[in-house]
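Chemist: coordinates for the following, if possible.
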Amino acid sequence: MQPQIDHIQITVKNLNEAELFYDRFLPLLGFDPNRKVKAHIAEHDFDVVEYTHPKLAFAITSPRLAFANDDVNRRKPGSLHHLAFKAESRAQVDQLYGELKKMEAMIVTPPRLYPEYSPDYYAVFLKDPDGIKFELVCTKAE
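Modeler: Numbering: from 1, shown residues only. Below you'll find the model as predicted:
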């Protein structure tokens with residue numbers, strides 16, 4: 001077996017608000033907004049919005065009512081610390097950063113080298129409306 005992720009599903013506080021963000025963010029990563037599907041899964045008590053791509057499905061899910069007012073904390077055990085998407089080049093990271101600024105995304109740090117990770121680690125970090133952290137990274141030597 002090769003380590004390959006089929007899908008990622010993240011619980012968000014407000015599905016409608018999050019959907020507005022992901023409708024703008026995920027197309028920057030190659031997701032086709034026309035391939036988005038929505039469903040209510042009564043048996044598991046959640047609504048889901050799934051964005052599909054031939055290589056990965058990404059879904060956002062409503063919280064259980066009991067957890068609806070909980071805050072996101074990426075350092076809490078069991079939580080997603082952050083999710084990194086691989087860019088083809090540093091120029092692509094910079095281009096995506098420009099698009100993120102246009103959509104007024106919450107930028108944590110603008111693109112730069114992170115030699116503490118590896119000599120050619122070039123990335124931008126951002127957060128979604130719930131504070132879920134994402135990274136767009138290129139590790140190619142340029």
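Chemist: chain center to the longest helix seen in the chain: distance?
Modeler: Taking DSSP state H as the criterion, the chain has its longest helix at helix 90-102. Distance of helix 90-102 from its chain centroid, counting by CA atoms, centre = their mean, to the nearest Å, is 15 Å.
Chemist: show me which positions of the next helix or strand after it end up buried.
Modeler: Scanning forward in sequence from helix 90-102 by DSSP states H and E, the next helix or strand is strand 106-113. Residues residue 111 are the ones in strand 106-113 that count as buried (16 or more other CB atoms under 10 Å). (C-beta placed from N, C-alpha, C; glycine too.)
Chemist: can I have stretch 106-125 written out in CSV, keeping just the CAs?
Modeler: Provided in CSV are the C-alpha atoms of stretch 106-125 (Å, rounded to 0.1, in the frame of the first residue of the first chain):
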residue,chain,number,x,y,z
MET,A,106,-6.5,35.4,7.8
ILE,A,107,-2.8,35.2,7.1
VAL,A,108,-0.7,33.9,9.9
THR,A,109,2.6,34.5,8.2
PRO,A,110,3.3,35.7,4.6
PRO,A,111,5.5,33.5,2.4
ARG,A,112,9.1,33.1,3.5
LEU,A,113,11.8,30.5,3.9
TYR,A,114,11.7,28.3,7.0
PRO,A,115,15.3,27.0,7.2
GLU,A,116,14.5,25.6,10.7
TYR,A,117,12.3,23.0,8.9
SER,A,118,14.6,22.4,5.9
PRO,A,119,16.9,24.5,3.7
ASP,A,120,14.3,25.0,0.9
TYR,A,121,11.1,25.1,3.0
TYR,A,122,9.1,28.0,1.6
ALA,A,123,5.5,28.5,2.9
VAL,A,124,2.6,30.7,3.7
PHE,A,125,0.3,30.0,6.7
